[in-house]
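Student: no sequence on this one, just coordinates:
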C-alpha cells in the first residue's frame, strides 16, 4: 500500500486501502452522462498480433461509461484495417478506427501541409493529435482519456482511476496523469529514474528552481503514456510529434493551466509493457533517441520561459547531472537490496553514461537550432487556417468506418 | 457475263468513290482529335504547374471548396479535379470539332447544340461557385449576429439560412442548365412559398397578442392626442 504523502505542486491521488472498482465505475456511469468520455488509443497493427491488445479489447468490452473509442491505427494496410475493425467489434459502444495510412486520412495530412501546418512524422504524437481533432469535430464528448496499446497488465481499473478525477464534477481537474510502479523482479523505467529525475533536479539547482522544473518534478512518472484531460485542453495544447511527446505535453499543460487543477493518479499496482533497447551507440534509435528528444523538449521549454543557455551552462549541467545520477543509482541500489530485487549496478552506470552523451547531443542540437522540432499546431489554429478541416476529418473517419 | 461483272463492280466502285470522298474528312477528323489530345495534355500540364504556383489548393481549403468536395466523398486535390475537368472538356470539344469535319448532318447539329449549351453550363458553374460563397458568408453573418443577440438557436438559424440559399442556388443553376425547367421552377416555388407561408403563419399566430397590444396602445395614444379621452 502506498503512503499518502503529497509531493510537489500538483495533487497526487494515491491507491489507499482497497478501492472498489464497482463503486468507481458506477459513479463514472453517472458522471459520464454529464461529461461524456472519449477514449483515444494510438495503436500499431503489430500490437493487435501481440498479447496486449486482445486483453485490452476484452477489458474495454466490460466498460460501461465510455461514450466512444477513437483508435488511430498506424502502419496497417487496407486489409489489416478491416481486420482491426472486426477485432474491435466485441466492444458494445461506438468505436471509430482512424486509418492513418488510408487514402482519405493521407489527403487530410496533405491538406495540413499545403496550408503550412506541419503535423510532423508518423508516431504516437501525431496519431493522438489527429484523434483529438476527431473528438472535437464529433462534438459529443467533453473528456478525452488516452493510454498506450502495449500494456500487458491492462485492467479496466486503470481506465476508471485515470478518468475519475476529470470526469467527476466534484473533483473537476482538467488534466490527470497516470503513474504506477514499474517493478517486476527488478526496477524498470530507466529513463525516468536515471535521466528525467536527475536531470530535472540538476537543472533546478542551476536555474534557482524554475517553476516549470518544480512542476515537472512533481510528477512521479512524467513519461507515463496514460492521461486524461478535458476537450478544451485538447483544443489549446500543442504537442510534439517526437519522443518528447510526454514532457512536451506537460509543458503545454503547465503553460495553459494552474497546477491546482492538475493531478496524478496511481492507476495500477504493476505495469508491464514493451521495453526499448538502450542503443547507446546510435542516437537515432531506442532510448538514446528518446533521451535526445526529451532533453531538447525540456531545454526548449525552459528557453521559452526565459532561461538563458550557453556552452558553459551545458558543461556545468553535464557534470551536475552525472553526479546527481550516480547518487540516484546508489539510492536505487539500496532500494533494490531491501526489497530483494535484482540490481545490475554496472548496467545502470552504462545507462547513465549513455544518457550523459544524449544530453550532450541534445545540447549541441539546441545550440545550433534553438527552435528545433516544431510542435504540432493546436486545433484552434488549425481550424482558423482551414475553416472546414474538422468537417473534412469527421467525414474521412466516418466514411472509412462505414 | 460482262453485265454480271458490272452488277458486282458497280456497287464496289460506288463504295470506293464514296470512301474516296469521305477519306479526307476521316483523316481531318483523326488529325484534329490527335492534335486536340496533345493540346489538352499540354494545357493540363501547364494548368497543374500554374495552380501549384498560385497555391490554388490552399485557396480552395480556405474558401471552403475543398470541404464541399469532401462532403461529396471526393478526396482528390481541388486543382487535380479542376484540371481533369478542363482536360476532358477540351477532349470532348476537340472530339466534337473532329466529328464536324466528317460533314455528316446529324453530327453537325449535335455539335452545334453542344457548343450552344456551353455558355449555359459555364454560367451554371459560376452561379454555383458564387452562390456557395455568398451562402457561406450570409450563414456566417447570421450566426455571428444571432450569437451576439444571445439566441440559443443561432447555429440552427445559420444552417437554415444556408439551406434555403443552397436550394435557391441549385434551382437557379438547374434553371440555367434547362434541366426540366418547369418542374424546377414549380418545385422551387412550392418549397420556397411553403417556407415563407409557414414562417408568416407562425409569426402571425405567435404575434397576435403583441400585435393586439400595439394596435390598442396606438389607438389610445391617438385618442389622447385628439383630447377625446373621457375622464371618470
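Tutor: Nice, I can see it. In this text, all values refer to a predicted model and were calculated from it rather than measured experimentally.

Student: residue B:214 looks like it's in a strand, true?
Tutor: No - if the criterion is DSSP: H, G, I helix; E, B strand; the rest coil, then residue B:214 is helix and not within a strand.

Student: relative to residue B:205, how far out is it?
Tutor: For residue B:214, the distance to residue B:205 (C-beta to C-beta, to the nearest Å) stands at 16 Å. Where you see a C-beta, it was placed from the backbone N, CA and C, and this is true even at glycine.

Student: what residues does chain A have near chain B?
Tutor: A:103-104, A:107, A:110-111, A:114-115, A:385-389, A:391-392, A:395-396, A:399 (C-beta under 8 Å from any C-beta of the partner chain).

Student: among those, name the buried ones.
Tutor: A:104, A:107, A:111, A:114-115, A:385-389, A:391-392, A:395-396 (16 or more other C-beta atoms under 10 Å in any protein chain shown).

Student: so which of those residues are in strands?
Tutor: Using DSSP state E to define strands, no part of those is located there.

Student: just the ones of these in helices?
Tutor: A:104, A:107, A:111, A:114, A:385, A:389, A:391-392, A:395-396 (DSSP state H).

Student: so which of residue B:214 and residue B:205 has more stuff around it?
Tutor: residue B:214 (11 against 8; other C-beta atoms under 10 Å in any protein chain shown).

Student: quick one: low-confidence ranges for the chain?
Tutor: Here I'm looking at chain A. Low-confidence segments of chain A (pLDDT under 70): A:1-2, A:278-280.

Student: not quite, I wanted chain B
Tutor: For chain B, residues meeting the criterion pLDDT under 70 lie at B:219, B:221-232.

Student: and the longest helix belonging to it, what does it pack onto?
Tutor: Taking DSSP H as the criterion, chain B has its longest helix at helix B:2-53. On a contact count with 3 or more C-beta pairs under 8 Å, 6 or more residues apart in numbering or on different chains; DSSP states H and E, helix B:2-53 meets helix B:78-100.

Student: try it again with 10 Å
Tutor: Secondary-structure packing of helix B:2-53 (3 or more C-beta pairs under 10 Å, 6 or more residues apart in numbering or on different chains; DSSP states H and E): helix B:56-63, helix B:78-100.

Student: ok and it relative to helix B:78-100, angle-wise?
Tutor: With axes from the mean of the first three to the mean of the last three C-alpha atoms, to 10 degrees defining the directions, helix B:2-53 sits at 160 degrees from helix B:78-100.

Student: am I right that residue B:118 sits in a helix?
Tutor: Yes - using three-state DSSP, the assignment for residue B:118 is a helix.

Student: whichever strand or helix holds residue B:146 near chain A anywhere?
Tutor: Using DSSP states H and E, residue B:146 maps to helix B:105-148. Yes - with C-beta under 10 Å from any C-beta of the partner chain as the criterion, chain A is reached by helix B:105-148 at B:136, B:140.

Student: so what's the gap between the next helix or strand after that helix and the chain middle?
Tutor: Heading C-terminal from helix B:105-148, the first helix or strand you meet, by DSSP H and E, is helix B:154-177. Relative to its parent chain, helix B:154-177 has a centroid offset of 12 Å by C-alpha atoms, centre = their mean, to the nearest Å.

Student: closest residue of chain B to chain A?
Tutor: residue B:67 (2.8 Å; C-beta to the nearest C-beta).

Student: in space, what's closest to that residue - neighbours in sequence excluded?
Tutor: Beyond its immediate neighbours in the sequence, the residue positioned closest to residue B:67 (C-beta to C-beta, 6 or more residues apart in numbering or on different chains) is residue A:388, lying 2.8 Å away.

Student: what residues does that neighbour make contact with?
Tutor: A:111, A:395, B:60-71, B:136 (C-beta atoms under 10 Å, 6 or more residues apart in numbering or on different chains).

Student: same deal with residue B:26?
Tutor: Contacts of residue B:26 by C-beta under 10 Å, 6+ apart are B:19, B:98, B:101-102.
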